[in-house]
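Novice: Provided below are the primary sequence and the corresponding predicted coordinates.
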Amino acid sequence: MATPLIQISGLEKAFTTNESWLGQWRFHQGKLKRKKDSVHALNGINLTINQGETLCVVGETGCGKSTLARAIMGLTTPSAGEIHYLDQRIDQLNNRQRMFFRRRMQMVFQNPYASLNPRMTVYQTLSEPISFHNPQLSQSQVDEQIDELLESVGISASSSDRYPHEFSGGQRQRISLARALSVEPDFIVADEPLSALDVSVQAQVLNLMMDKQEERNLSYLFITHDLAVVEHFATRVAVMYLGKICELAPTNTLFSSPKHPYTQALLSAIPRLDSSIAQPIRLIGEVPTPTEKPIGCVFQARCPYANPRCYVESPAMTPQSDSSSVACHAIEEGRL
Ligand SMILES: Nc1ncnc2c1ncn2[C@@H]1O[C@H](COP(=O)(O)OP(=O)(O)OP(=O)(O)O)[C@@H](O)[C@H]1O
């Protein structure tokens with residue numbers, strides 16, 4: 001039985017895009033009115049991440065994947081909803097209260113060069129979190145941990161006095177991973193950690209992450225656009241569209257029988273050698289702007305199965321017989 005590590009319920013995030021008081025005034029029907037413009041990045045996310053699993057989040061650009069990751073890590077404050085780490089609510093913590101969770105939860109970013117301090121050597125980058133979270137360790141114990149950590153991610157311990165710019169992209173991402181692992185977390189959020197790397201290096205970093213997961217029973221929230229990586233790496237997959245999850249399923253189930261029309265379109269775009277597999281599904285219609293809070297199903301404008309109900313009522317995530325859950329009226333009504 002899977003044990004939930006992170007539980008997210010009703011998570012919403014709206015960004016105000018015209019913060020300045022002056023910028024909020026508009027002429028509307030001959031009258032001057034004040035209006036804050038918002039981008040609704042997350043529109044009610046419910047999600048559980050279990051201990052030891054890799055939950056991959058996929059969806060097209062701007063659907064809210066990074067905002068979800070940042071909200072979990074406390075890097076952006078949600079507008080509504082709750083996030084729990086085991087039985088502790090963590091979305092309202094101040095910096096001091098969050099300190100314990102910084103140790104338990106770490107993040108690896110897309111661009112390893114931007115996320116490493118260029119003025120710090122690898123030794124300094126790693127010794128800071130280790131010493132901060134383990135004040136009882138002597139200097140020689142810290143040094144020993146750094147050497148072990150570097151060797152474990154395939155970086156020679158003798159290069160610890162070098163700066164980030166002296167390493168390749170793949171090596172820098174390994175150092176970022178070593179920094180995340182240095183505090184022995186339970187959970188790592190990885191926001192497109194492979195996209196800045198070339199394909200052979202991607203495979204090395206991915207294998208390293210899988211090894212570390214096995215060694216330490218780590219849980220990952222892994223954001224990627226690469227469906228081949230998802231198929232290889234994920235335990236479960238959450239498909240997002242316009243700030244909502246439209247399908248959540250074990251990886252095999254999702255790839256063998258995608259249910260939501262958006263998931264079907266997304267997976268049909270994967271090039272396959274087998275020509276008997278159906279042609280890519282082309283989605284028609286525009287992606288609605290996230291400045292308007294969606295009414296009804298978020299996918300309505302592009303869905304070939306949309307009926308009047310889809311324009312007024314938001315579909316709830318409904319469990320299916322094969323352990324997946326889908327939010328779609330057409331499936332619920334047996335039209336798909
Ligand atoms: N700080 C911000 N201020 C205003 N709008 C923002 C901010 N951060 C994100 N957004 C908006 O929120 C929406 C979701 O953005 P987010 O970065 O989470 O998407 P994403 O799915 O991670 O995209 P990508 O795959 O391109 O990284 C987008 O419309 C984006 O423009």
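Specialist: Alright, I've got the coordinates.
Novice: This protein: strands as residue ranges?
Specialist: Counting by DSSP state E, the chain has these strands, from start to end: 4-16, 25-28, 31-34, 38-50, 54-58, 80-85, 88-89, 105-108, 187-191, 219-223, 236-241, 244-250, 318-319, 325-326.
Novice: gap between residue 60 and residue 8?
Specialist: Separation of residue 60 from residue 8 (C-beta to C-beta, to the nearest Å): 21 Å. Where you see a C-beta, it was placed from the backbone N, CA and C, and this is true even at glycine.
Novice: more crowded one of these two?
Specialist: The residue with more neighbours, out of residue 60 and residue 8, is residue 8; 21 against 14, by other C-beta atoms under 10 Å.
Novice: Run a quick neighbour tally on the residue lying closest to the more buried one once chain neighbours are set aside.
Specialist: Nearest residue to residue 8, sequence neighbours excluded (C-beta to C-beta, 6 or more residues apart in numbering): residue 47, at 4.5 Å. Residues contacting residue 47 under the criterion other C-beta under 10 Å number 22.
Novice: so who does residue 47 touch?
Specialist: 6-8, 11, 55, 238, 245, 248 (C-beta atoms under 8 Å, 6 or more residues apart in numbering).
Novice: Of those - the most surrounded one?
Specialist: With neighbours taken as other C-beta under 10 Å, the top of those is residue 245, carrying 26 neighbours.
Novice: related to what we said a few turns ago, dump the contacts of residue 47 to a markdown table, plus distance to residue 119 and pLDDT.
Specialist: Converted to a markdown table, the contacts of residue 47 look like this (distance: C-beta to C-beta, whole Å; pLDDT from 0 to 100):
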| residue | distance to residue 119 | pLDDT |
| --- | --- | --- |
| 6 | 33 | 97 |
| 7 | 38 | 97 |
| 8 | 36 | 98 |
| 11 | 36 | 98 |
| 55 | 35 | 98 |
| 238 | 37 | 98 |
| 245 | 40 | 98 |
| 248 | 42 | 98 |
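Novice: wait, what's in contact with residue 222?
Specialist: The contact partners of residue 222, by C-beta under 8 Å, 6+ apart, come to 54-57, 190, 193, 230, 233-234.
Novice: do the same with residue 80
Specialist: Each residue near residue 80 by C-beta under 8 Å, 6+ apart is listed here: 10-12.
Novice: again, only using 7 Å
Specialist: By C-beta atoms under 7 Å, 6 or more residues apart in numbering, the residues touching residue 80 are 10, 12.
Novice: How about residue 164?
Specialist: Residue 164 makes contacts with 113, 116, 118, 172, as judged by C-beta under 7 Å, 6+ apart.
Novice: hang on, the second one packs against residue 176?
Specialist: This means residue 116. Yes - in this structure, residue 116 is within contact of residue 176 by C-beta atoms under 7 Å, at 6.3 Å.
Novice: Show me which residues of the stretch 1-150 of the chain are close to the ligand?
Specialist: Applying C-beta under 6 Å from any ligand atom, one finds that the stretch 1-150 of the chain approaches the ligand through 15, 17, 39, 41, 59, 61-67.
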